[in-house]
Structures are given as structure tokens and as C-alpha cells.
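Novice: after the sequence you'll find the predicted model.
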Amino acid sequence: MGFPGTWMTQSESMVYRVVPKCACSTIGQIMYYSDHGEFFDGDIHDATDGLHKWALEDSQPRIEANVAAHRSYAFTCVRNPYTRILSSFFDKICGIQRNGRRYRGNLVPLLIQRYGIEVEGDFDQIASFRRFLLFARDTIRWRRPMDPDIHWSAISGHVSTFIANGGTYDNIFFTEKFNEGMQSVLDATEQRCPVDLDKIPRFNESEGHGPKRAHPVEDYFDDLSMHLVYEMYKPDFQLFRYDFENPANKMPVGEIDLAEVHAKLSG
């Protein structure tokens, strides 16, 4: 199994478990900059050198040896499940991807046909999003009509593979408190090239892919939608201290207990 979704600086100063839709583009670029003093020219997900990634065969032995021995500071970043699934909808379902096509080819036509979702023109965002939620729930609960996509599968599922295969996190911080969390990582590690977070741009690679959200977050979630979200993401709300009762509150309501996360996600 190894450590899928894991990135490591070439200097081995830090190890990061990527969680999609949780500031991963910005974090990857900061890691790249900390070694090279410049940002990767393009989407950091496309980089095949300058950063060790589990997806690159040559990087796997280095990452495995490092993580197994816990030689470097290891961290990840999490996000409110309500805003994350909403972001996934606007980016991956409504948006045109950077290759100029719809995400995953025939996925959107399938959703239009089977779930009655609309994505073109001045469509009803709330109605279409709630139908997308039914689809996301079907993929997560029954793996139908497809396996769940990494962009809406549970954060705890991404976080857990690192632990289950022998990794240990030193830090899990919140996307909603990004500067504070990322600074704590930088303070705990040594960088070849110092990083000033106040001067780092936000690399939101999905921005502009899809239509702008026309309503406040809470308007998209009625009682049934909240039930579906809780069914999919109950461990995310509990472990990472997000407020299930109030979709309008994107901020965490407590601190993450790393010991609890390791205990509950180790199996």
C-alpha cells in the first residue's frame, strides 16, 4: 500500500499527506519554494521533479524510508466538510478543467442523465448541488455508479492511509486558519530558502474553473442535505472538530487531538 498522496521536499525537511480541496496547491508550492527559492511554473500537481511524490516511482523508496523512520516533520491540512463538498461541486462538476474538458470525461453527462443535474447557463445552483449530494453519497456508501472521487471522499480516509501504513503526523492544521497552521510547520522545520507567508500567493488552481457561488454556504444545505453530509463525513466532523449543526460556521469549534486521530484512524 505504501504512502499514496504523500509529498516530501527533496531536502527531506518535511513530509505532507495531500488532501484534495484543502489548500494542497498552495502547500505544495510552499514546499517547492522552501527548497528552490522559486515556485514551480505551473500547477504543482503536474511537477515531476523538484519535489518527491509517491506517484513518482523513484520517490517511493525515499518517502517510505523517511516516513517509516519518522525522520522528518509530517503534517496535513483539513477543511470544513460543507465548504469542501461545495467547492468540489463548483470546480469538478460545473467547471471546465485546465485541459479544456469536463472533469472525468463522461461524468457530467452521467449526472445530467441519472440525477437531473444542470451545469449550463443560469441554472438553479441549489437544486443541482443537492442532486449532486445524492450522487456523492451513492459513490461513498455503495460505490455506485462509480467509486468515490478523491475530491469528495472523506478527509479522514485520506488522512488514515498515512497512519495505517506506519506514518505519524506531527501536525494537522485547518485550511480556515491557514497562515497560523502553515507557520507552525515552518517554525518546526528548517528550510533552505526562508518562506515569508505574508508574501506567498494563494495557488488556488481550481479558481475560475466553474461558475461563482451565488448564495451563502448555508443556503445549499437543507435538513436532508445536512443528513447526507453527516452520513458521508461523520468522522471528519468529529475528529477535526467542525460544526455539523451550523453550515454557516466554517470555522472549527475545537482543537484537533492528534492522539485521538492516530488511535481512531490506525486500523
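Specialist: Now that the structure is in, tell me what you want to look at. Numbers count the residues shown, from 1 in each chain.
Novice: any low-confidence regions in the chain?
Specialist: Where the chain drops to pLDDT under 70, the residues are 205-209.
Novice: which strand runs longest in it?
Specialist: strand 73-78 (DSSP state E).
Novice: in its sheet, what does that one sit against?
Specialist: Sheet pairing of strand 73-78 (DSSP bridges) gives strand 14-17 (parallel), strand 171-174 (parallel).
Novice: for these, which one sits closest to V67?
Specialist: Nearest to V67, of all the strands paired with strand 73-78, is strand 14-17, at 6.1 Å by C-beta to C-beta. For every residue, glycine as well, the C-beta is placed using N, CA and C.
Novice: quick one: the helices in the stretch 151-267 of the chain?
Specialist: With helices called from DSSP state H, counting those that start in this stretch, the stretch 151-267 of the chain shows them at 155-164, 178-187, 223-239, 258-264.
Novice: just name the most buried of these.
Specialist: helix 155-164 (a mean of 20; mean count of other C-beta atoms under 10 Å).
Novice: just want the angle from that helix to strand 73-78.
Specialist: 170 degrees (axes from the mean of the first three to the mean of the last three C-alpha atoms, to 10 degrees).
Novice: R114 touches T139, doesn't it?
Specialist: No: with contact defined as C-beta atoms under 8 Å, R114 does not count as touching T139 (11.8 Å).
Novice: so the two - more neighbours on which side?
Specialist: Using other C-beta atoms under 10 Å, the more surrounded residue of R114 and T139 is T139, with 17 against 13.
Novice: who's in contact with that one?
Specialist: T139 makes contacts with 145-149, 152, as judged by C-beta atoms under 8 Å, 6 or more residues apart in numbering.
Novice: swap in 6 Å and give it another go.
Specialist: 146, 148 (C-beta atoms under 6 Å, 6 or more residues apart in numbering).
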